[in-house]
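A.B. asks: My questions concern the predicted model and sequence given below.
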Amino acid sequence: MRFSTNLQGRTAHEALISRQEAELRLLDTMKRCLVSKIRCDREYALALSSLASQGLKIDRGDELSGSLILSAWKSMMEELENMGKVIKQNADTLETKTLDALSSMYTEKRKTRKLYQEEHTKITQQFSHLMDDVSRKKSEYQKYLELYKLMRSRFEEHYVKSGRGGRKLDDVRDKYQKACRKLHLTHNEYVLLLCEATEFEKDFRTVLLPGLLEYQQSVQEAFISTWKQVLQEVSQLSDFSSDKFKEIQKRIEANVEAVNPAEEYKDFTEKHKTSPSDPVIFTFDESLVEESAGKLLPNQLTVDNLTVEWLRTKLTDLEAAIKECQEKRVLLNPNNVSSDSLVAMANGKANNDNSISNRLSGLIETNKKEINELRCQERKMQRQTELIKSALNELGCEEVPSGCDLSIDNQSFISNANDQGVGSENSLTKRSFGHKCIVNMLKKPFRRKSAPNSPVAPPRTKGRSASASRSGSVDPVALSTNKTLMDEEWFHGVLPREEVVRLLTQDGDFLVRETTRNDECQTVLSVCWRGHKHFIVQTTTEGHFRFEGPAFPSIRELILYQYKSGLPVTSRSGAVLHRPIPRERWELNNDDVLLLDKIGRGNFGDVYKAQLKSTNQEVAVKTCRVTLPEEHKKKFLQEGRILKQYDHANIVKLIGICVQKQPIMIVMELVPGGSLLTFLRKNSTHLTEAQLMNMCLDTAAGMKYLESKNCIHRDLAARNCLVGYSNIVKISDFGMSREEEEYIVSDGMKQIPIKWTAPEALNFGKYTSLCDVWSYGILCWEIFSRGGTPYSGMSNSKAREKIDSGYRMPAPENTPDEMYRLMLRCWEYQPENRPNFEQIYTVVDTLCQAYNVSFL
Ligand code: ADP
């Protein structure tokens, strides 16, 4: 396609001009882009170089010496540096050569565009001038033609008028000739001009304009050729697949290829060759169990009531975990894996054969490792399982031994009290059950001398005392064979294990008792034999009874056999029965008591008025609901155990406990007036101040007695005192606190009567007799308010807050000043500023005497 033949038209000319302008703009854009590219390349080159030097900053230590990975990496970094250099060189060339070429092209192109425009203008202007000349000549021609016609007509006119002569005619003729001449000349000029124009037009169309366009095309194409070269240069200098780069890449690949996993650690292993480390032997630090009195043995699991459930759960957990491990191992078995994985890999159509086999062998290795790990885990758990199983099996028919001899609460208290001495104040555990009297009671054995004024002799049909049996002069086991187990003196019914443990003091001491486990009644032989052992009587399928030896139709016969044969109950324990321990005089039979009317409702069960069958004495019997958990039953009996210690007119007396069977009961002296609180409320209008004073004196006397015995009541309040004949007040309720509005629960079992409790006990859990003094102040307030509610209208927390900020209750109406002053002294914030019960008793006694005198 030639410009000369195709681009002659005016629009084509304008398009050509526009095209050239666009090309100039393109050149300009390319120039700017190239400048940017050069800058970017240089920056990239610089970045590569710094990256390479960063990558080459490797530990100077020789830990990696001989590493092929390291040398591959180093070469990669060096080649990166080289790559940076090449990129920079290319950028320099682009700048000095290519960019220059582009710039001069731009200048040239502008020039040629200008020339073309000028040339085109020149020839088109020539043509248009010629056309103008032709049109002007034609006008001139027309003008002279008109003049000729005018002159000729004038001449003809004169010629006809004046004939052939005259001056005028000459003149007209002359003008006519001149006009004629002018016309002819113009005619000729016009003819010549037309000839010239015709020729020029032909030249313009066929020679000049095509020539210009032809020339322009050749110039343009020459430009394009240069332009192409420039682009080629740019392309070549940006080509990362050029030989230079290819060489770099080849060198990198060669170094990477040189990495050989099998060779990688050759030098390293050679250099650090060592022999395997000695096995670490874990030994049990025996000093840890020194204090445990043989309950904890080195390297042996301890199976007792504190741990047995945990061990069983642990065993189940371990067995489940072992099973899980085994299942996982089966799944990871290389035979299963290889086929599965092959399918998976084939589905993925992954890579080449080499890669598949690599991946497969990697997978198998991973599985092997996991299988080994699982085996180790399994073995470890298997060992633990065996240990637990053998510890549990060893127990045989032995009842799960007690981890500690008392309930958890007591135990923590006792150990602290023993360690730190009674009255020590730094133990929070005391708060959980802080009766010092518990300690005393435990120190004194259950079988103590009879209380001097004991209301009833213990019913003993066989006429044998505990001390007699203990002396060994009478053998209770050798008696008549007609007896049932229940008849035997050494059968202690449901006596709690803690009591049993206390009764069995020498090796060979034994007794039989009953216990309930998982709603099942079990008969237990308890023996003192290097500690205390408890054997559950086993029942054979024939309904006979045995331990490890022969079976007998009755438990009594079984025990007699064990006793007389002198054989150990179980070979593991080696326990031999030497001395049957008979029931204490406190241990009444449930059938010794005849329950009459219900007179109250306690925390653990109903309270009855009852009669002792042996003497017809009226008594009060507290019963413990059969459905309560063992822990609660033990707590219930605590009151009995505490009361056994005391003998005072103002302390309610214990007659005995019935633990032979359920329901367990506490038998106490009957205090007919019921609770002091109810009594005060019922008789509020009749009670005189002297009577109220006497009530305060009674309770002070009881508390003075308890104080002398180092006993802290912790729950002294009108609701826990009883009123007897002649309005005598007796302190009661030594066991548990009751769930009432005034109590807050500090945890699952323990409740604190906030409004009766001293601030230091509430704030720091610190209980002393001086805490009881605070409560005594509240009790006196209750007495003088005739059964009023302390801090009435205030919540427990509000009352606590007010007390801490110094508030004290006002005196109830008609309270003697001295009495109110005493109350305020009892409520001194600092316990050491309060009077003790001995002082209180003296004050109240003096006051009472004054009152009694004045009221006589
Ligand atoms: P618990 O200590 O189990 O809460 P309480 O000692 O408070 O039981 O006794 C509940 C009620 O039984 C008392 O309020 C009282 O009315 C009555 N009660 C308790 N012991 C005797 C007793 N020895 N003589 C007469 N009534 C009693």
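C.D. replies: On my side now, so go ahead.

A.B. asks: buried set for stretch 46-57?
C.D. replies: 48-49, 52 (16 or more other CB atoms under 10 Å). (Each C-beta comes from the backbone N, C-alpha and C, glycine too.)

A.B. asks: Also stretch 512-525?
C.D. replies: 512-515, 522-525.

A.B. asks: Would you check these and say which has the weakest pLDDT?
C.D. replies: Note: of these, the lowest pLDDT belongs to residue 515, at 83.

A.B. asks: quick one, what contacts that residue?
C.D. replies: Residues counted as contacts of residue 515 (CB atoms under 8 Å, 6 or more residues apart in numbering) are 399, 494, 497, 521-522, 524.

A.B. asks: That one should be in a strand, yeah?
C.D. replies: Yes: under DSSP: H, G, I helix; E, B strand; the rest coil, residue 515 sits within a strand.

A.B. asks: What values do phi and psi take at residue 279?
C.D. replies: The phi and psi values for residue 279, taken as degrees, to the nearest 10, are phi -70, psi 140.

A.B. asks: Residue 754: which of the buried residues of stretch 512-525 is nearest?
C.D. replies: Residue 754 has its nearest neighbour among those in residue 515, at 36.9 Å by CB to CB.

A.B. asks: Please report how far the closest one lies from the ligand.
C.D. replies: To the ligand, residue 515 is 23 Å away according to CB to the nearest ligand atom, to the nearest Å.

A.B. asks: Same check on residue 487?
C.D. replies: When residue 487 is compared with the ligand (using CB to the nearest ligand atom), they lie 30 Å apart.

A.B. asks: now do residue 552
C.D. replies: 41 Å.

A.B. asks: Distance check, the closest residue to that residue other than its chain neighbours against residue 486.
C.D. replies: Among residues not flanking residue 552 along the chain, residue 558 sits closest, at 4.3 Å (CB to CB, 6 or more residues apart in numbering). Separation of residue 558 from residue 486 (CB to CB, to the nearest Å): 15 Å.

A.B. asks: and if you look at residue 106?
C.D. replies: Separation of residue 106 from residue 486 (CB to CB): 126 Å.

A.B. asks: Same drill for the two, tell me which one is more crowded.
C.D. replies: Legend: neighbour count by other CB atoms under 10 Å for residue 106 and residue 486, higher for residue 106 (17 against 12).

A.B. asks: and the more buried one, which of the three is it?
C.D. replies: Secondary structure state of residue 106, per three-state DSSP, is helix.

A.B. asks: show me where pLDDT drops low in the stretch 751-856 of the chain?
C.D. replies: Residues of the stretch 751-856 of the chain meeting the criterion pLDDT under 70: 751, 852-856.

A.B. asks: Kindly recompute the last result at 50.
C.D. replies: 856 (pLDDT under 50).

A.B. asks: Show me where it has its strands.
C.D. replies: Counting by DSSP state E, counting those that start in this stretch, the stretch 751-856 of the chain has strands at residues 751-753.

A.B. asks: go on, the stretch 251-400 of the chain?
C.D. replies: Under DSSP E, counting those that start in this stretch, the stretch 251-400 of the chain gives no strands.

A.B. asks: Show me what from the protein comes close to the ligand.
C.D. replies: With CB under 6 Å from any ligand atom as the criterion, the chain meets the ligand at residues 599-600, 602-604, 607, 620, 622, 652, 668-671, 674-675, 722, 732-733, 735, 738.

A.B. asks: Would you check that residue 53 makes contact with residue 81?
C.D. replies: Yes: counting by CB atoms under 8 Å, residue 53 touches residue 81, with 7.5 Å between them.

A.B. asks: What's the nearest residue in the stretch 101-250 of the chain when you look at the ligand?
C.D. replies: residue 249 (93.6 Å; CB to the nearest ligand atom).

A.B. asks: Distance of the residue positioned nearest the centre of the chain relative to residue 300?
C.D. replies: The centre of the chain sits closest to residue 317, judged by CA atoms, centre = their mean, with a distance of 22.1 Å. Shown here: residue 317 relative to residue 300, a distance of 21 Å by CB to CB.

A.B. asks: Now the stretch 251-400 of the chain against the ligand: closest residue?
C.D. replies: The minimum distance from the stretch 251-400 of the chain to the ligand, using CB to the nearest ligand atom, falls at residue 305 (25.7 Å).

A.B. asks: what residues go with each domain of the chain?
C.D. replies: According to the TED database, the chain is divided into the following domains: 10-58+65-238, 301-333+372-393, 490-580, 584-670, 674-855.

A.B. asks: Give the rounded mean pLDDT of the first one.
C.D. replies: The reference is to domain 10-58+65-238. For domain 10-58+65-238, mean pLDDT rounds to 92.

A.B. asks: hmm, back to that, give me the subset of the contacts of residue 515 lying in helices.
C.D. replies: Among the contacts of residue 515, the ones falling in helices (DSSP state H) are residue 497.

A.B. asks: Relative to the ligand, which of the contacts of residue 515 is nearest.
C.D. replies: residue 494 (18.3 Å).

A.B. asks: ok, now which ones touch that closest one?
C.D. replies: Taking CB under 8 Å, 6+ apart as the test, what residue 494 contacts is 513-516, 659-662, 664.

A.B. asks: next one: residue 301
C.D. replies: By CB under 8 Å, 6+ apart, the contact list for residue 301 reads 307, 311, 387-388, 391.

A.B. asks: tell me which element whatever residue of the stretch 451-600 of the chain ends up closest to the ligand falls in.
C.D. replies: Of all residues in the stretch 451-600 of the chain, residue 600 sits closest to the ligand, at 2.3 Å by CB to the nearest ligand atom. Per DSSP states H and E: residue 600 is located in strand 593-601.

A.B. asks: Residues in contact with that strand: which ones?
C.D. replies: Here strand 593-601 makes contact (CB under 8 Å, 6+ apart) with 606-613, 619-621, 623, 658, 665, 667, 674-675.

A.B. asks: ChimeraX command for the buried members of those residues?
C.D. replies: If you want just the buried ones from the contacts of strand 593-601 in ChimeraX, going by 16+ other CB under 10 Å, the selection is:
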select :606,607,608,609,610,611,612,619,620,621,623,658,665,667,674,675
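
A.B. asks: Out of the contacts of strand 593-601, list just those in strands.
C.D. replies: Those of the contacts of strand 593-601 mapping onto strands are 606-612, 619-621, 623, 658, 665, 667, per DSSP state E.

A.B. asks: Next, give me the two most distant ones among those.
C.D. replies: 606 and 612 (18.3 Å).

A.B. asks: just checking, residue 144 touches residue 186?
C.D. replies: Yes: with contact defined as CB under 8 Å, residue 144 reaches residue 186; the gap is 4.7 Å.

A.B. asks: coming back round to it: which of the residues of the chain next to the ligand count as buried?
C.D. replies: Here, 16+ other CB under 10 Å leaves 599, 602-604, 607, 620, 622, 652, 668-671, 674-675, 722, 732-733, 735, 738 buried among the residues of the chain next to the ligand.

A.B. asks: shaky segments in the stretch 251-400 of the chain?
C.D. replies: For the stretch 251-400 of the chain, the stretches with pLDDT under 50 are 350.

A.B. asks: where exactly do the strands run in the stretch 601-750 of the chain?
C.D. replies: Taking DSSP E, counting those that start in this stretch, the strands of the stretch 601-750 of the chain run over residues 606-612, 618-623, 654-658, 665-669, 721-723, 729-731, 743-745.

A.B. asks: ok, back up a step: and residue 291, which of the domains of the chain is closest to it?
C.D. replies: The minimum distance between residue 291 and the domains of the chain falls on domain 301-333+372-393, with 13.9 Å, by CB to CB.

A.B. asks: what's the distance between that closest one and the middle of its chain?
C.D. replies: Domain 301-333+372-393 sits 26 Å away from the centroid of its parent chain (CA atoms, centre = their mean, to the nearest Å).

A.B. asks: Same check on stretch 383-399?
C.D. replies: In terms of CA atoms, centre = their mean, the centre of stretch 383-399 is set 35 Å apart from its chain centre.

A.B. asks: Repeat that for stretch 685-692.
C.D. replies: The chain centroid and the centroid of stretch 685-692 are separated by 63 Å, computed with CA atoms, centre = their mean.

A.B. asks: and what of stretch 179-187?
C.D. replies: The chain centre lies 124 Å from the centre of stretch 179-187; the measure is CA atoms, centre = their mean.
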